[in-house]
Structure formats: structure tokens, C-alpha cells
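*Asks:* Provide a 3D model corresponding to the input given below.
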Amino acid sequence: MSHKVILIVIDACRPDGLAQAQTPHLDGLWQSGSYSWMARSVAPSYTLPTHMSMFRGVPPESHGVLGNTMAASALRYPSIMDVAHQAGLRTAMFYSWGELRDLAAPDSVSLGYCRAFSFDEDTDAIVCRTAAEYLIAE
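*Replies:* Have a look, this model is predicted:
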């Protein structure tokens with residue numbers, strides 16, 4: 001049996017907000033997987049520091065990313081993508097904000113897909129569709 005880990009991060013979405021929304025597909029995922037409604041953010045709660053803490057397992061005071069700009073000090077801590085790659089697993093990242101590329105070393109990601117956000121298109125739908133196609137194919 002092959003096990004897969006899929007981490008879905010919805011930036012700036014609190015659990016109570018998600019509970020109020022009509023999200024049948026997300027509901028199905030959390031109901032059949034692992035989840036936590038008790039997770040807490042780090043301070044500062046900007047996108048890159050919080051993601052860096054989730055992926056590297058240390059607080060901003062340790063990794064040094066205090067704003068939405070990468071800090072070289074974060075590289076001292078391997079990300080979950082780096083650890084998975086070192087264990088011989090395939091990894092992929094799908095995202096719509098270029099700075100998220102820094103969550104893992106470039107050679108730790110088997111497939112990286114970034115569709116830059118645009119007000120002219122439903123970027124999230126494009127990223128989700130691309131991720132779904134990859135998961136089905138792989």
C-alpha cells in the first residue's frame with residue numbers, strides 16, 4: 001500500500017470561517033483524513049513566516065523570517081519537503097504566490113507549479129485543477 005500526504009493550506013482562513021462556508025469537497029477531505037481545529041498561528045502572522053514555521057517546524061524567532069521576505073537563516077532548518085525528498089519520496093508544490101517557492105530547497109521538489117495571482121482569472125481554480133490532474137496522473 002502506498003501512503004500519500006496531502007497538505008492543503010488556505011492562507012488567512014480561520015477554522016470558524018471554513019465551518020461557515022459551503023465546502024463539500026474540503027469537508028470530505030477532513031472527515032476522512034487527519035486535521036486539527038485547534039491549530040494556532042505564529043506571530044507575526046504574515047504569510048511567509050507562518051508557512052515557514054509550518055514547513056520547517058520552528059518559530060519565526062528561530063528561522064528568522066519575520067516578514068514576507070525570505071531570510072537565509074531559515075535554510076538551517078530542513079522543511080518537510082526536504083525531509084520527504086531525502087527519504088526518497090516524490091514531492092510536489094502547487095501555489096499562487098512566488099515567495100512560497102522558498103518553503104523547500106529547489107532540488108527537494110519533484111514538481112513545482114506556481115500560477116501567479118491575477119485579478120483577471122480564477123487563479124485558485126487553475127492551481128487546484130493542475131494539482132488535481134497531477135494527483136490523478138501520479
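*Asks:* could I get the full set of helices for this protein?
*Replies:* 15-20, 24-32, 47-56, 60-63, 80-86, 123-137 (DSSP state H).
*Asks:* tell me the contacts of the residue lying closest to Ala43 once chain neighbours are set aside?
*Replies:* Closest residue in space to Ala43, ignoring its immediate chain neighbours: Pro60 at 7.3 Å, by C-beta to C-beta, 6 or more residues apart in numbering. In short, each C-beta sits where N, CA and C put it, glycine included. Pro60 makes contact with 42-44, 49, 52-53, 66 under the criterion C-beta atoms under 8 Å, 6 or more residues apart in numbering.
*Asks:* pLDDT for those - can I get that in a markdown table?
*Replies:* Converted to a markdown table, the contacts of Pro60 look like this (pLDDT from 0 to 100):
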| residue | pLDDT |
| --- | --- |
| Val42 | 93 |
| Ala43 | 92 |
| Pro44 | 90 |
| Pro49 | 97 |
| Met52 | 97 |
| Ser53 | 97 |
| Leu66 | 97 |
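*Asks:* show me which of the residues you listed are buried.
*Replies:* Among the contacts of Pro60, those buried by neighbour count (16 or more other C-beta atoms under 10 Å) are 42, 49, 52-53.
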